[in-house]
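*Asks:* attaching a predicted model along with its sequence, questions to come.
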Amino acid sequence: MGIAVFKGLIPSFILTWVLSTIMGSNQVRHGMLQIEHTYFQSFDFYWSWPLFLVSLALSTAIFWMMD
């Protein structure tokens, strides 16, 4: 199960980044996803921790079932 979590980090990061960017640029910031505009070392992007955790759980389950 531990290896599946590490395998699931990259797809869940990409999914969260893409969906947060699309929804955040359309001014959807409130609600269950809690999309926020984040500044990190002179880079600004949109991010959602609840979306990341749900996508991590989903991708971990998929990789775990594939083993």
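*Replies:* Sure thing, it's come through. Numbers count the residues shown, from 1 in each chain.

*Asks:* immediately after the worst-scoring helix or strand of the chain on mean pLDDT, which helix or strand?
*Replies:* Using mean pLDDT, DSSP states H and E, strand 36-40 stands out as the lowest-scoring helix or strand of the chain, at a mean of 86. Heading C-terminal from strand 36-40, the first helix or strand you meet, by DSSP states H and E, is strand 43-47.

*Asks:* quick one: mean pLDDT over the helix or strand following that next one.
*Replies:* Moving toward the C-terminus from strand 43-47, the next helix or strand (DSSP H and E) is helix 49-66. Per-residue pLDDT values over helix 49-66 give a mean of 95.

*Asks:* I'd like the distance from the least confident helix or strand of the chain to the chain centre, please.
*Replies:* Centroid separation between strand 36-40 and its chain, computed with CA atoms, centre = their mean, to the nearest Å, is 14 Å.

*Asks:* who's in contact with that strand?
*Replies:* Contacting residues not belonging to strand 36-40 are listed as G24, R29, D44, F45, Y46, W47, S48 [CB atoms under 8 Å, 6 or more residues apart in numbering]. All C-beta atoms are positioned from the backbone trio N, CA, C, and that covers glycine.

*Asks:* one more pass at 7 Å, please.
*Replies:* The contact list for strand 36-40 (CB atoms under 7 Å, 6 or more residues apart in numbering) reads G24, R29, D44, F45, Y46, W47.

*Asks:* stretch 43-59 too?
*Replies:* 8-9, 11-12, 15-16, 19-21, 24, 32-38.

*Asks:* same question, stretch 6-25
*Replies:* With CB under 7 Å, 6+ apart, stretch 6-25 has contacts from 35, 37, 45-48, 51-52, 55-56, 59-60, 63.

*Asks:* kindly recompute the last result at 8 Å.
*Replies:* Contacts of stretch 6-25 (CB under 8 Å, 6+ apart): 33, 35-37, 45-48, 51-52, 55-56, 58-60, 62-63.
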